[in-house]
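> make a model of this:
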Amino acid sequence: MKFGHAFKEALEAETYPRHWVDKAVPYRQLKKILGKVREELINNGYDPDTLQKLVAERNAEYRLESDDSQLLRPKLVVRPATTSAQPLDQKTEVDSLPESPVSLSPTSSASTEPGPSALTHDSAPPYSHRQQQTSDGEWVDVPLDADARFFSVLQQDVNELDTLQDKERVAMIENIHVIGNEIAQVARPRKPVIDFSRSDLYRWREILDLYLSAEVFFSTNEVSGGARSSDRARKQLVWFQEEVGKRQLPQKFKIKSSAVAFQHFLSLNATLLQNLQFQELNQTAITKIIKKFDKRTSLGVKKTFPKVMNSAHFISETISKDICAQLSRDVISLVPQVVDYTCIVCLSICWLPIRLDCDHLFCIRCMIKMQNRQKRFCPLCRADVIQRANESHIDMELVRYLERWFPKETKEKQRNNEDERRKELLGDLYVEGAQPPCIVM
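So this is what the prediction gives:
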């Protein structure tokens, strides 16, 4: 199936918003203009084979540059000694060319619609008389109209896609703020006493932990890190939804508004996925039409086009990374994860947290053990601070924070600490899970 037809079907198949489809790359229009570009080059005597040879011999260059207003100005220049290429309807002897660079008519502006070229007009002067010396001295311009029209249409569309991306970015960020507020209301712990019947803290913590593990749109993996493709993002999003379903987390919500917030969260991810698919589809269309341009003209703009486009978003980046960062700040960070407050020694919650002079945190039991073993250096930065730690190094503000956000984990850690302490005191007399026996009676 030809790409133009496949492109049209893909735009219709995914039920993209109408205003998105209206801004899609006009692939068929560009393809028609490309036919005129090829025709104009051939009429000037520069068929693809001739151009390929001239470019290879460094006797011709196609320069795609932007002016002060950031508009693309394509220009084909050749060396005077090699301007023997003739229009198909004219005959001009090479010997008639002057020895010094001669004049070509200026290229048309990028907004000019390609029409009947003066090159094929019966009254047109010989080709050598229609050349204009450029500022490069040894190079002369070849007048072309259709290529300016081609890049004018393409540049305008890329700029419109950039504008569309900006609007969608703003809309999604606003939705993230709304969803973040919804989740904050249903997931926050209650004061002064934790009331689990009025909080879905642990359900949301599990949901967001799964979401972080899924790495739907952006991966931090060392091997396959970076932004996801739309296909991979779809698979990861499906995995996330399936895992949430297997654990029946939505059914375990105790607050009705949690279910609404969860649906809004899924809807936001679906919108972001659709945006990523639309972006990839249009980027493929641009890649295809530029590749076709090079194939039909041998002008070689594949490498230079992305550099001169000055595209804020569409060519140079995707919005998935920025949106994921915003999602992390405004939603995921609202429900802190225990992994962010884990002691690196015992790999459980850092309770009671000892903040060393080097600012690193360890739980109090691990700190006591390190001191008893005469350890001196911080396991993270190797600063000589272990033996200086005492009760004043307990981070009481963090203690209150952990009690509020991790009530189950802190209580479990306290029990484990007490059991471990009893085991140290009683030695062989200690029975796990039992109260310490009386050794007097």
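> switch to C-alpha atoms for all contacts and neighbour counts from now on
Noted.
> hmm, which helix or strand of the protein has the shakiest average pLDDT?
Each helix and strand of the chain was given a mean pLDDT (mean pLDDT, DSSP states H and E); the minimum falls on strand 132-133 at a mean of 48.
> all strands of this structure, in order?
Taking DSSP state E as the criterion, the chain contains strands spanning 60-66, 72-78, 132-133, 140-142, 218-219, 226-227, 353-355, 361-363.
> got any ranges where the stretch 101-250 of the chain has weak pLDDT?
Applying pLDDT under 70 to the stretch 101-250 of the chain flags residues 101-137, 190-198, 221-225.
> can we see that at 50?
The stretch 101-250 of the chain contains residues with pLDDT under 50 at 101-135, 192-194.
> which residues touch residue 4?
Residue 4 is in contact with 27, 28, counting by Cα atoms under 8 Å, 6 or more residues apart in numbering.
> distance of it from residue 368?
Here the distance between residue 4 and residue 368 works out to 70 Å (Cα to Cα, to the nearest Å).
> how far away is the spatially closest residue to residue 63 that is not a sequence neighbour from residue 61?
Excluding its sequence neighbours, the residue lying closest to residue 63 (Cα to Cα, 6 or more residues apart in numbering) is residue 75, at 5.1 Å. For residue 75, the distance to residue 61 equals 8 Å [Cα to Cα].
> residue 212 now?
Taken as Cα to Cα, the span from residue 212 to residue 61 is 50 Å.
> okay, these two: which has more neighbours?
More crowded of residue 212 and residue 61, by other Cα atoms under 10 Å: residue 61, with 19 against 15.
> let me see the ranges of the helices in the stretch 251-400 of the chain.
256-297, 304-308, 320-330, 364-372, 396-405 (DSSP state H, counting those that start in this stretch).
> can you verify my assumption that residue 354 contacts residue 368?
No - judged on Cα atoms under 8 Å, residue 354 makes no contact with residue 368 at a distance of 10.1 Å.
> more neighbours: these two, which one.
Ranked by neighbour count (other Cα under 10 Å), residue 354 and residue 368 place residue 354 first, with 27 against 17.
> check contacts around that one.
361, 362, 363, 364, 367, 389, 393, 394, 395.
> please apply the same query to residue 202.
Contacts for residue 202 (Cα under 8 Å, 6+ apart) come out as residue 187.
> that one and residue 183, how far apart?
Distance from residue 202 to residue 183, counting by Cα to Cα: 12 Å.
> including distance to residue 285, could the strands of the chain go into CSV?
Output for the strands of the chain, formatted as CSV (distance: least, Cα to Cα, whole Å):
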stretch, distance to residue 285
strand 60-66, 20
strand 72-78, 19
strand 132-133, 35
strand 140-142, 28
strand 218-219, 24
strand 226-227, 20
strand 353-355, 55
strand 361-363, 52
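> correct me, but residue 277 touches residue 230?
Yes - applying Cα under 8 Å, one finds residue 277 in contact with residue 230, separated by 5.5 Å.
> domain ranges for this structure, per the record?
33-150, 152-335, 339-429 (automatic domain parsing).
> so for residue 23, which of those sits nearest?
Smallest distance to residue 23 across the domains of the chain (Cα to Cα): 6.3 Å, for domain 152-335.
> returning to that earlier point: to residue 343, which of the helices of the stretch 251-400 of the chain lies closest?
Closest among the helices of the stretch 251-400 of the chain, using Cα to Cα: helix 364-372, at 8.3 Å.
> surely residue 55 meets residue 48?
No - Residue 55 lies out of contact with residue 48 (Cα under 8 Å); the separation is 10.4 Å.
> is it true that residue 389 touches residue 356?
Yes - applying Cα under 8 Å, one finds residue 389 in contact with residue 356, separated by 6.4 Å.
> of those two, who's got more company?
residue 356 (23 against 17).
> next one: phi and psi at residue 331?
Per-residue torsions, residue 331: phi -120, psi -60 (degrees, to the nearest 10).
> nearest residue to it in space, please, no chain neighbours.
Nearest-residue entry for residue 331: residue 180, 4.6 Å, with adjacent residues in sequence omitted and distances by Cα to Cα, 6+ apart.
> what sits against the one you found?
The neighbourhood of residue 180, defined by Cα under 8 Å, 6+ apart, consists of 330, 331, 334.
> and for residue 240?
210, 211, 214.
> closest to residue 403 out of these?
Lowest distance from residue 403 to the contacts of residue 240 (Cα to Cα) belongs to residue 210, with 23.2 Å.
> so how far is residue 199 from that closest one?
Distance of residue 210 to residue 199, computed by Cα to Cα: 19 Å.
> neighbour count winner among those two?
Between residue 210 and residue 199, counted using other Cα under 10 Å, residue 199 has the larger neighbour count: 20 against 16.
> got any ranges where the stretch 301-441 of the chain has weak pLDDT?
In the predicted model, the stretch 301-441 of the chain carries pLDDT under 50 at residues 441.
> look at residue 16 and say how many residues are nearby.
A count of nearby residues for residue 16, using other Cα under 10 Å, gives 16.
> just the pLDDT for it.
Note for residue 16: predicted pLDDT of 90.
> which parts of stretch 42-53 are buried?
42, 43, 44, 45, 46, 47, 48, 51, 52 (16 or more other Cα atoms under 10 Å).
> OK, contacts around residue 342?
348, 349, 350.
> switch those residues over to JSON lines; also include neighbour count and distance to residue 383.
Output for the contacts of residue 342, formatted as JSON lines (neighbours: other Cα atoms under 10 Å; distance: Cα to Cα, whole Å):
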{"residue": "348", "neighbour count": "17", "distance to residue 383": "23"}
{"residue": "349", "neighbour count": "22", "distance to residue 383": "23"}
{"residue": "350", "neighbour count": "28", "distance to residue 383": "20"}
